[in-house]
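Peer 1: Model the structure of this input:
(2 chains)
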Amino acid sequence: MSATQARITVRDLDMRYGERLIQRDLNFTIGAGEIFVIMGGSGCGKSTLLRHLIGLVRPARGDVLYDGESFWTAEPEQRDRIMRRFGVLYQAGALWSSLTLAENVALPLGEYTRLTSSEIAELVSLKLALVGLAGFEEFYPAEISGGMRKRAGLARAMALDPDILFFDEPSAGLDPISSKLLDDLILELRDSLGATVVMVTHELASIFAIGGNSVFLDAETKTMIASGSPTDLLEHSPDPKVRRFLTRGQSDGGTSHG
Amino acid sequence: MATPATARTAGLVVEGTADDTLVVRLSGPWTTDARRPSSDAVDHQLGVGGKPRRVTFESAGLTVWDSGLLTFLLQLIATAEVRGVEIDRRGLPDGVRRLLALATAVPQRRDTGNAGPTPSLLARIGVATLDLARDTSAMLAFLGEASVAFARLLVGRARYRRSDLLLILQEVGAQALPIVSLISFLVGVILAYVGAVQLRQFGAQIYVADLVGIGMTREMGAMMAAVIMAGRTGAAFAAQLGTMQVNEEIDALTTLGISPIEFLVLPRMLALALMMPLLCLYADLLGLVGGMAVGLGMLDLGATEYYVRTIGAISLADCVAGLIKASVFGVLVAIAGCLRGIQCGRSSAAVGAATTSAVVTGIVLIIVADALTTVIFDLLGL
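Peer 2: This is a model prediction of the structure:
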């Protein structure tokens, strides 16, 4: 893994909401083709970090580099070009509710490719079939279940064959089997498309099953306190907080009740 | 389970003992619906006399308890901590002890940003001024982006879905006709009625036709249509965009490199700018019909007479002035609705606030713009 080139580099990143500091001094590198997990307790700023990575929030300090190219000091056109390489799956899918699933997946294709509408329709069916939603083209987001919405969101995120996929809590609100299937799908996508995957999650099962590298954010010290492969961290992390997180509080007994 | 009324009172006895210990004796039902003594009695005891160093509990007489007892104890513990008095929880029931441990396990977070004393008047004025400045710059930024989007539309490079535009056109145009009909007709009636009462004193009823004609076409048609649109369509825009903001749909557009301003705001502004003049024309006509109804029914004027008088009174300039105003109002209503929707926070309460704010902003903008355009038209001699 160490030989891979750096796809995303986060350098001296500080995140704030107004006056309130969320996290500071974040420094880590995400290699090409890696499945990178951003983990940490609730409210530590995992999703906020993701919003910084995908260009929705400007950092209070520091920068994010894509293939060595600075994102935040780049010209708007350049930034658009970098963002076109992203596919993002939002927490609740974030499908456009006034469009059908097919139109949702077709919108980015129509914007950025010169394909005819029949070619687009074929691609849309393919993407929906990949996530197990063949035949649901004409459904509106409100007419399908939460898990299906998530998968449809994934189909839309994959529409332009992005080389970096971002997932915001992919397994939140899914039953164990669906979340396992989603994990398999993510692995499959990484292997077949060669995409880099960055995901925010605190689902331990997924973290160990597919996470190759990770960073651990801490809400109290407001910075990252560990990074590396999750299995390594479980066995060798010197920080009791990290071990406790990765063992569901078993490693040092936690508090006496319960 | 019928308990007598007297038994629904929690019992509390506080006794000081020789070795600086305060014994708190709890008895009866300590539930939220029972009458409970406040912790002030114990607080008082903690501060007087020999200043006890320890508090112990006896709960043998306690029949039932719930959160009512816990709030009492938490308050007591907080006071004791401040005064440096040791609390011995051993005399409390097991469940109470465990819940107290749970409630006090995680110390209150001080750095959550919403703590601190209420700010002074000066500080609040300062914060409000800063908010106003931020609000204004956000509004200007939005106006700038909207202008850029319009410019891109003119050179044919704006990205939005034509089908969205058609749908919004139908929503703000055809579907608004019933309410616009009703309101404008009644406004025509009101105008005529107000005029008739005065003009009849001089036998000049026929001038009601002039009054209604000029009043509707120059002013009231555009104004009433715009106010209806602010309440109906401006609010709808804010709610739609606000919900999309909550649902991360707008983020999803942004990360795909599609400008939400072009994709969502532009068709809405365009639709209102196109439909408002038409609605205004329609409102003018309905207002004239309303005035005519009063003229024929109440003032015994002839239909032809009223018609000829109206035609004579209205000039093309009046109509054009009204239509220009209507277009301006339409754009303002769309801007207010979309601005508040895009600025919406990430909760359902924020959507409600955005909707309210959209209507208020819309109506304020309409009235201010009306005053300005009236003065400008007067200077231009239109």
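Peer 1: which residues of the stretch 51-200 of chain B fall in helices?
Peer 2: B:67-83, B:94-105, B:121-154, B:162-172, B:177-199 (DSSP state H, counting those that start in this stretch).
Peer 1: Could you work out which of the ones you listed reaches nearest to A:D232?
Peer 2: helix B:94-105 (30.7 Å; C-beta to C-beta). Heads up, the C-betas are built off the backbone N, CA and C, glycines and all.
Peer 1: Strands along chain B, start to end?
Peer 2: Remark: strands assigned in chain B by DSSP state E are B:11-16, B:21-30, B:54-65, B:86-87.
Peer 1: now, of the ones you listed, which is deepest in the fold?
Peer 2: Of all these, strand B:21-30 has the most neighbours on average by mean count of other C-beta atoms under 10 Å in any protein chain shown, namely a mean of 20.
Peer 1: elements contacting that one?
Peer 2: Packing partners of strand B:21-30 (3 or more C-beta pairs under 8 Å, 6 or more residues apart in numbering or on different chains; DSSP states H and E): strand B:11-16, helix B:40-47, strand B:54-65, helix B:67-83.
Peer 1: CA atoms only for it - export them in PDB, please.
Peer 2: Output in PDB follows, covering the C-alpha atoms of strand B:21-30 (Å, rounded to 0.1, in the frame of the first residue of the first chain):
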ATOM      1  CA  THR B  21     -23.900  15.400  59.200                       C
ATOM      2  CA  LEU B  22     -27.200  16.400  57.700                       C
ATOM      3  CA  VAL B  23     -29.600  13.500  57.400                       C
ATOM      4  CA  VAL B  24     -32.200  13.900  54.600                       C
ATOM      5  CA  ARG B  25     -35.200  11.600  55.200                       C
ATOM      6  CA  LEU B  26     -37.300  10.900  52.100                       C
ATOM      7  CA  SER B  27     -40.700   9.300  52.400                       C
ATOM      8  CA  GLY B  28     -43.900   8.800  50.500                       C
ATOM      9  CA  PRO B  29     -44.200   9.000  46.700                       C
ATOM     10  CA  TRP B  30     -41.500  11.100  45.000                       C
END
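Peer 1: now the angle between helix B:40-47 and it, please.
Peer 2: 170 degrees (axes from the mean of the first three to the mean of the last three C-alpha atoms, to 10 degrees).
Peer 1: Could you tell me which residues of the stretch 101-250 of chain B lie near chain A?
Peer 2: Residues of the stretch 101-250 of chain B that fall close to chain A, judged by C-beta under 8 Å from any C-beta of the partner chain: B:101-102, B:105, B:113, B:159, B:164, B:243-244, B:247-249.
Peer 1: What about those, which one has the most neighbours?
Peer 2: Ranked by the number of neighbours (other C-beta atoms under 10 Å in any protein chain shown), these place B:E249 first, at 26 neighbours.
Peer 1: Hmm, A:S97 and it touching each other?
Peer 2: Yes - with contacts counted by C-beta atoms under 8 Å, B:E249 reaches A:S97, the gap being 6.8 Å.
Peer 1: the helices in chain A, which residues?
Peer 2: A:46-53, A:76-83, A:101-112, A:117-130, A:146-157, A:176-193, A:204-210, A:230-236, A:240-246 (DSSP state H).
Peer 1: Where does pLDDT dip in the chain?
Peer 2: In the absence of a named chain, this looks at chain A. Counting by pLDDT under 70, the ranges of chain A that qualify are A:1-4, A:251-258.
Peer 1: Hmm, no, I was thinking of chain B.
Peer 2: In chain B (pLDDT under 70), the answer is B:1-7, B:47-50, B:107-116.
Peer 1: if we can go back for a sec, possible to save the strands of chain B as CSV with distance to B:G234?
Peer 2: Converted to CSV, these look like this (distance: least, C-beta to C-beta, whole Å):
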stretch, distance to B:G234
strand B:11-16, 58
strand B:21-30, 53
strand B:54-65, 54
strand B:86-87, 58
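Peer 1: Run through the residues of the stretch 101-250 of chain A sitting next to chain B.
Peer 2: So far as C-beta under 8 Å from any C-beta goes, the stretch 101-250 of chain A lies against chain B at A:107-108, A:111-112, A:156.
Peer 1: Nearest to B:G95, out of the helices and strands packed on strand B:21-30?
Peer 2: Nearest of these (C-beta to C-beta): strand B:54-65, 8.0 Å.
Peer 1: That closest one - contacts with which helices or strands?
Peer 2: Checking 3+ C-beta pairs under 8 Å, 6+ apart, strand B:54-65 ends up next to strand B:21-30, helix B:67-83, strand B:86-87.
Peer 1: make it 7 Å
Peer 2: In terms of contacts (3 or more C-beta pairs under 7 Å, 6 or more residues apart in numbering or on different chains; DSSP states H and E), strand B:54-65 is packed against strand B:21-30.
Peer 1: what does the strand it packs on rub up against?
Peer 2: Here strand B:21-30 makes contact (C-beta atoms under 7 Å, 6 or more residues apart in numbering or on different chains) with B:7-17, B:36, B:42, B:45-46, B:52, B:54-59, B:61-65, B:68-69.
Peer 1: With B:L365 as the reference, name the closest of the helices of the stretch 51-200 of chain B.
Peer 2: With C-beta to C-beta as the criterion, B:L365 lies closest to helix B:121-154 of the helices of the stretch 51-200 of chain B, at 10.6 Å.
Peer 1: Out of the residues of the stretch 101-250 of chain A next to chain B, which is nearest to B:A334?
Peer 2: So of these, ranked by how close each gets to B:A334 (C-beta to C-beta), first place is A:L107, at 22.6 Å.
Peer 1: Just list the residues touching the residue of the stretch 1-150 of chain A found nearest chain B, thanks.
Peer 2: With C-beta to the nearest C-beta as the measure, A:A94 is the residue of the stretch 1-150 of chain A nearest to chain B, at 3.8 Å. By C-beta under 7 Å, 6+ apart, the contact list for A:A94 reads A:153, B:247-249, B:251-252.
Peer 1: List phi and psi for the residue of chain B found nearest chain A.
Peer 2: Relative to chain A, the nearest point of chain B is B:E248 (3.8 Å; C-beta to the nearest C-beta). With angles defined as degrees, to the nearest 10, B:E248 sits at phi 70, psi 10.
Peer 1: Now do the contacts for A:G110.
Peer 2: A:G110 neighbours (C-beta under 7 Å, 6+ apart): A:I120.
Peer 1: ok, now with 6 Å
Peer 2: Remark: with contacts taken as C-beta atoms under 6 Å, 6 or more residues apart in numbering or on different chains, A:G110 is in contact with nothing.
Peer 1: Over to the one 10 residues further on?
Peer 2: By C-beta under 6 Å, 6+ apart, the residues touching A:I120 are A:106, A:109.
Peer 1: let's see 7 Å
Peer 2: A:106, A:109-110.
Peer 1: ditto for B:L69
Peer 2: Applying C-beta under 7 Å, 6+ apart, the residues contacting B:L69 are B:30, B:96.
Peer 1: before we move on, what about A:G132?
Peer 2: So A:G132 contacts A:R151 (C-beta under 7 Å, 6+ apart).
Peer 1: again, only this time at 10 Å
Peer 2: Residues near A:G132 by C-beta atoms under 10 Å, 6 or more residues apart in numbering or on different chains: A:148, A:151, A:154-155, A:178, A:181, A:185.
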